[in-house]
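> Attaching a predicted model along with its sequence, questions to come.
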Amino acid sequence: MTPSTLYFSPCLIHCTDSLHHLLIDAGTKVQWQPVETLQQVPVSAIVLMAAEELKEEEWPQLGARKALVIVDDWTLESSLNWIQRGATNCFSQQDQHLVTWLAAELSRFNLGKAQQSEDDVLQVIIDAIPTPIFFKDHLHIYRGCNLAFCNAIGFAREKIIGHSVYDISPKALADKYYEADSKLLSQGGTQRYEANVQFSNGSLHEIEFNKAVFTNADGQAIGQVGVMLDITERNQLMRQLDTSTRTDPLTHLKNRRAFNTDIHHSFEQLKQKQQTLSLMTLDIDFFKSINDRFGHSGGDQALQLVAQWMTEQIRATDNLYRVGGEEFYILMHNTNISMARTLAERICKDTSVRLFTIKEQDIHITLSIGVTEINPTVDLDSTLEMVDKALYEAKADGRNCVRCVFE
Ligand SMILES: Nc1nc2c(ncn2[C@@H]2O[C@H](COP(=O)(O)OP(=O)(O)OP(=O)(O)O)[C@@H](O)[C@H]2O)c(=O)[nH]1
């Protein structure tokens, strides 16, 4: 692109010829380049667009170009409307001010270039900050950024400054950014949100955007500044922490805390949908004697083996928890009491005939099991009490058996 190239929409071809000659008379030689859409116009370049050819979806790109909107009937109101949308100016086709505007702008462009200073102290300072920083004007056009921002999104500064989000991001993403920016500009203050961002090297990052509006002396929003905090590691740690607070360290099964969350969630779903949900509580019989015989570490090994064994016995839709010393729960979705009882009896029987090897000795382990179907009209605490009662009945009836709650 050269500064003296002027872009124009094809339906203005008839006026480019006279403009060309008028500009030569004004001492400015230009070349003309037709474009179908604003997207084809390089950022910061001068473009003449016929108002009727500008689609609404192109408006966000007006501010990133020196866009002159050419209307059939010029009115102050329509002209101001176009300027508010980001157009640089608005002229009627016959208006010779267009020639003076172009001549002035083209000579100012050259002057501006000569005055450009590479010694921008503020730029040097923000480039030293490792966190990506950017700022945009009230038309969402990038007006500044630091090196970390360039590196993160993978564009050189010249490809960012003066561009709209639509010039540097895929449309779907640009739509999201534009919406968030518009909200912030209209509400003022600050904005904080998290989004997944793919960096230029292909890596995916969880980013916390912290943005704030800045205003002129009259308090009018004139732009926004944003900082991108990379919270990928922090979020990973939080997820690990969350998992570990819901996991039993010995058996790696979900623990009572996870059970409480899951059962409340499932109970709420049960109230809304026509489904069935059953709960089984399983307790190892005479576990104390295993501890007494093999020591605490032998007891731990037994717990791990039983947990592993039970994991193999349940279905993909069942959830197994270790909720106490030698006590487990199985939450069974889409399962009524008769299906739950069948599963419980199979686990009970198969466990009793299986051999578990603790400290190189084979032993039998049995389970007492209580089973209930969860009724959405009965409160959860009462249901948990009833299934515990069923378990105690199984213990009282000699252990190694299943007892059900029937309402
Ligand atoms: N090794 C080991 N033992 C545990 C753990 N948690 C609880 N225990 C032991 O489990 C035993 C449970 O004993 P009881 O509540 O008397 O139950 P029980 O011997 O299984 O008898 P019944 O349940 O009545 O059949 C206690 O000795 C606890 O110390 C653990 O994490 N590891």
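Nice, thanks for sending it over.
> Any idea how many residues pack against residue 150?
20 (other Cβ atoms under 10 Å). To be clear about C-beta, it is placed using only N, CA and C from the backbone, and glycine gets the same treatment.
> For the chain, just list every one of the helices.
13-25, 76-84, 97-115, 121-128, 147-153, 165-168, 171-187, 232-245, 256-272, 287-313, 337-353, 380-396 (DSSP state H).
> Please say whether there is contact between the last one and the ligand.
Looking back up the chat, that one is helix 380-396. Yes: residues of helix 380-396 contacting the ligand under Cβ under 6 Å from any ligand atom: residue 395.
> Quick check: mean pLDDT of that helix?
For helix 380-396, mean pLDDT is 96.
> Would you mind naming what in the stretch 301-407 of the chain lies close to the ligand?
303, 325-326, 395, 399.
> From residue 130, how far off is the residue lying closest to residue 161 once chain neighbours are set aside?
What sits nearest to residue 161 in space, not counting adjacent residues and going by Cβ to Cβ, 6 or more residues apart in numbering, is residue 142, at 5.6 Å. Computed as Cβ to Cβ, to the nearest Å, the residue 142 to residue 130 distance reads 19 Å.
> quick one: which of those two has more around it?
Set side by side, residue 142 and residue 130 show more neighbours around residue 142, with 23 against 11, by other Cβ under 10 Å.
> check contacts around the residue nearest to residue 161.
Neighbour list for residue 142: 134-136, 160-165, 168 [criterion: Cβ atoms under 8 Å, 6 or more residues apart in numbering].
> could these go into a markdown table alongside pLDDT and distance to the ligand?
Below are the contacts of residue 142 laid out as a markdown table (pLDDT from 0 to 100; distance: Cβ to the nearest ligand atom, whole Å):
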| residue | pLDDT | distance to the ligand |
| --- | --- | --- |
| 134 | 96 | 53 |
| 135 | 95 | 57 |
| 136 | 95 | 58 |
| 160 | 93 | 58 |
| 161 | 92 | 62 |
| 162 | 91 | 65 |
| 163 | 92 | 61 |
| 164 | 91 | 61 |
| 165 | 89 | 56 |
| 168 | 85 | 56 |
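> quick one: contacts for residue 132?
Going by Cβ under 8 Å, 6+ apart, the list of residues near residue 132 reads 145-146, 148-149, 151-153, 227-228.
> likewise residue 388?
With Cβ under 8 Å, 6+ apart, residue 388 has these contacts: 281, 370.
> will you turn the contacts of residue 142 into CSV that also has neighbour count and distance to residue 293?
Formatted as CSV, the contacts of residue 142 follow (neighbours: other Cβ atoms under 10 Å; distance: Cβ to Cβ, whole Å):
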residue, neighbour count, distance to residue 293
134, 24, 68
135, 19, 72
136, 23, 72
160, 19, 72
161, 18, 76
162, 20, 79
163, 23, 75
164, 26, 75
165, 22, 70
168, 18, 70
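> closest to residue 203 among those residues?
Comparing the contacts of residue 142 against residue 203 with Cβ to Cβ places residue 168 closest, at 17.9 Å.
> pretty sure the closest one contacts residue 157?
No: Residue 168 lies out of contact with residue 157 (Cβ atoms under 8 Å); the separation is 11.5 Å.
> any residues in contact with both of these two?
What both residue 168 and residue 157 touch, as defined by Cβ under 8 Å, 6+ apart, is an empty set.
> what does the model give the closest residue to residue 102 other than its chain neighbours for pLDDT?
Of all residues not flanking residue 102 in the chain, residue 23 sits nearest, at 6.1 Å (Cβ to Cβ, 6+ apart). At residue 23, the pLDDT value in this model is 88.
> For residue 23, give its distance to the ligand.
To the ligand, residue 23 is 88 Å away according to Cβ to the nearest ligand atom, to the nearest Å.
> And for residue 188?
Residue 188 is 56 Å from the ligand, by Cβ to the nearest ligand atom.
> Kindly tell me how buried that residue is, as a neighbour count.
Neighbours around residue 188, by other Cβ under 10 Å: 14.
> from what I can see residue 53 touches residue 8, true?
No: using Cβ under 8 Å, residue 53 is not in contact with residue 8, being 10.2 Å away.
> And those two? Which one has more around it.
residue 8 (22 against 16).
> Tell me who's in contact with the more buried one.
16, 32-35, 47-49.
> From these, list just the buried residues.
Using 16 or more other Cβ atoms under 10 Å as the burial test, the contacts of residue 8 include 35, 47-49 as buried.
> Specify which member of those is nearest to residue 104.
Once Cβ to Cβ is applied, the member of these that ends up nearest residue 104 is residue 48, at 15.3 Å.
> And for that closest one, nearest residue in space, chain neighbours not counted?
residue 8 (4.3 Å).
> Okay, and the beta partners of the one you found?
Applying DSSP bridges to residue 8 yields these beta-bridge partners: residue 34, residue 48.
> Need the per-residue pLDDT for it.
pLDDT, residue 8: 94.
> Distance of residue 328 relative to the ligand?
Distance check for residue 328 against the ligand: by Cβ to the nearest ligand atom, it reads 12 Å.
> surely that residue meets residue 310?
Yes: between residue 328 and residue 310 there is a contact at 6.4 Å, judged by Cβ under 8 Å.
> Now do the shared contacts for those two.
By Cβ under 8 Å, 6+ apart, the residues touching both residue 328 and residue 310 are 282, 320.
> quick one, which of these two is more surrounded?
Using other Cβ under 10 Å as the criterion, residue 328 and residue 310 rank with residue 328 on top: 24 against 20.
> ok so, going back, Serialize the contacts of residue 8 to CSV and add fields for pLDDT and distance to residue 334.
Below are these laid out as CSV (pLDDT from 0 to 100; distance: Cβ to Cβ, whole Å):
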residue, pLDDT, distance to residue 334
16, 88, 71
32, 93, 70
33, 93, 65
34, 94, 64
35, 93, 60
47, 94, 62
48, 94, 66
49, 94, 60
